[in-house]
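1. no sequence for this one, just the structure:
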């Protein structure tokens, strides 16, 4: 009983910490630098248009919905949430820590923290058995969808973070220039979308990819290789999302 209460409190506190740090990162801002301004320093092509980052608003709503839902008395002994343990709380700490790394120009460390966040979310996704468990509509919208959207975005963000770090250390790219590398990374992200469609039929995750790829295509419109790759990837992810919805309804 005490462990369940501690888990619920930890999840709520983690959301509060992560939201506070995210707000301060933009309003202060941390270290006198805006998150987007730092990103603009890197002349890389795996980066979407600025409006795409509005997805954080949806992610924040998902955090709050999950925190409230898991705090309901009826959910205190929910087996799925018990199995999740403290992973969600840990992801909030990693999220806040990443912002400090990024704003204080610790880009190599930011990659390590981002990978830790991604790993934590993958573990959470697997423990919750998203896409493989029949759940109520309330649980789907307050648990499954928030984790799908969050994991989808952090998947994209991890690729972007690594790309920025490689640029910061002047990595040669093994002789491959930046634009082909961006197209390759878009292809890798697309393969992850195919995997999610075939194994989980997770439309939420796939729609995040669509949103991200379209944003990359818009941002990199003057670079045909990158833009065309992103448009093709968005079409693929969109088709897979519709396939996932149809299959789940069946």
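-> That came through, no problem. The structure presented is a predicted model; accordingly, all values stated were derived computationally and were not measured. Residues are numbered from 1 along each chain as shown.

2. Who are the packing partners of the lowest-mean-pLDDT helix or strand in the chain?
-> Least confident helix or strand, the chain: helix 35-39 with a mean of 86, by mean pLDDT, DSSP states H and E. Helix 35-39 sits against helix 87-103, with contacts defined as 3 or more CB pairs under 8 Å, 6 or more residues apart in numbering; DSSP states H and E. The way it works is simple: take the backbone N, C-alpha and C, and place the C-beta from them, glycine included.

3. For the helix it packs on, give the mean pLDDT please.
-> Averaging pLDDT along helix 87-103 yields 97.

4. how distant is it from the center of its chain?
-> Its chain's C-alpha centre and that of helix 87-103 lie 12 Å apart, by CA atoms, centre = their mean, to the nearest Å.

5. For the remainder of this discussion, apply numbering that starts at 345.
-> Yes, from this point I'll number from 345; that puts the last item at helix 431-447.

6. Give me the contact list for it.
-> When contacts are defined by CB atoms under 8 Å, 6 or more residues apart in numbering, helix 431-447 is touched by residues 351, 354-355, 357-359, 361-362, 364-366, 369, 373-375, 377, 379, 382, 407, 410, 450-451, 453-454, 457-458, 460-461, 464-465, 467-468, 471, 494.

7. hmm, 6 Å instead?
-> 354-355, 358-359, 361-362, 365, 369, 374-375, 377, 453-454, 457-458, 460-461, 464-465, 467-468 (CB atoms under 6 Å, 6 or more residues apart in numbering).

8. Quick one: buried ones out of these?
-> For those, a burial check counting by 16 or more other CB atoms under 10 Å picks out 354-355, 358-359, 362, 365, 369, 374, 377, 453-454, 457-458, 460-461, 464-465, 468.

9. surely residue 396 meets residue 559?
-> Yes - using CB atoms under 6 Å, residue 396 is in contact with residue 559, at 3.4 Å.
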